[in-house]
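1. Quick one, what's the 3D model for this:
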Amino acid sequence: MKKSGIKEIVNRSINQRNLCRMFFRYDKHYWYYFPLYANDKLFLGAEEDDFIIDGYSIRRFVDVTKVQIKDDKCLEILKNEGIIESIKKPIVDISNWESVFNSLNSLNKNVIIEKESLNDDECEFVIGKIDKVYKNFVYIYHFDADGIWQEEPYKIHYTAITSVSFGTRYVEVFSKYLDELKINK
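-> Model (predicted):
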């Protein structure tokens, strides 16, 4: 599918509140999103999974291989359950990755940053708190699966990022059980 066609469907879906089935070059499976914002490079969508909105993701158009508008019984259920109307549009500037991280940092929320690939050895996953934002990279304090904060932040170059997620069940629930991050300066 051509990028112009993908962007046209996403932009139309923003205005019409369509649910989109989206395919990415780094994943064999598709994802469901209600696109909320888009520009030429990035889009922000509310992720739908089994009649639940599970946070938001910002992804790159360059990674999208195909988009389809989902118009079936599931969409009818989402409408009747009031799920579509309940979607809030977060205030996030998606002009570029720097503005994304500055916006998310002002929300004071933990985030998930991923570098996704069909090759598991190339995948990266960082979850934690934004520390410092620069033009070409961001520093993130990561916490592990035991809820232990690392002592030094990770430096992540924007060119390595395929997605940034926030407000997901995983990050929101886990964050409630973390010790306070103590930064040694």
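
2. Quick check: the gap between the residue nearest the centre of the chain and residue 20.
-> Centroid-nearest residue in the chain: residue 57, 1.7 Å away (criterion: Cα atoms, centre = their mean). Residue 57 is 12 Å from residue 20, where distance means Cβ to Cβ, to the nearest Å. Bear in mind the C-beta positions are built from the backbone N, C-alpha and C, glycine included.

3. can you check residue 146 too?
-> 36 Å.

4. do the same with residue 90
-> For residue 90, the distance to residue 20 - Cβ to Cβ - is 18 Å.

5. more neighbours, those two?
-> residue 20 (24 against 18; other Cβ atoms under 10 Å).

6. what residues are up against the more buried one?
-> Residue 20 makes contacts with 9, 10, 13, 32, 33, 34, 35, 45, 67, 68, 69, 70, as judged by Cβ atoms under 8 Å, 6 or more residues apart in numbering.

7. can you give me phi and psi for residue 5?
-> phi -70, psi -40 (degrees, to the nearest 10).

8. cool, the one 3 residues further on as well?
-> Note on residue 8: its backbone torsions stand at phi -60, psi -40 [degrees, to the nearest 10].

9. Pull the number of nearby residues for it.
-> 12.

10. same deal with the one 10 residues further on?
-> Residues near residue 18, counting by other Cβ under 10 Å, number 20.

11. doesn't residue 34 make contact with it?
-> Yes - counting by Cβ atoms under 8 Å, residue 18 touches residue 34, with 7.4 Å between them.

12. coming back round to it: these two touch, right, the residue nearest to the centre of the chain and residue 42?
-> No - between residue 57 and residue 42 there is no contact under Cβ under 8 Å: 10.3 Å.
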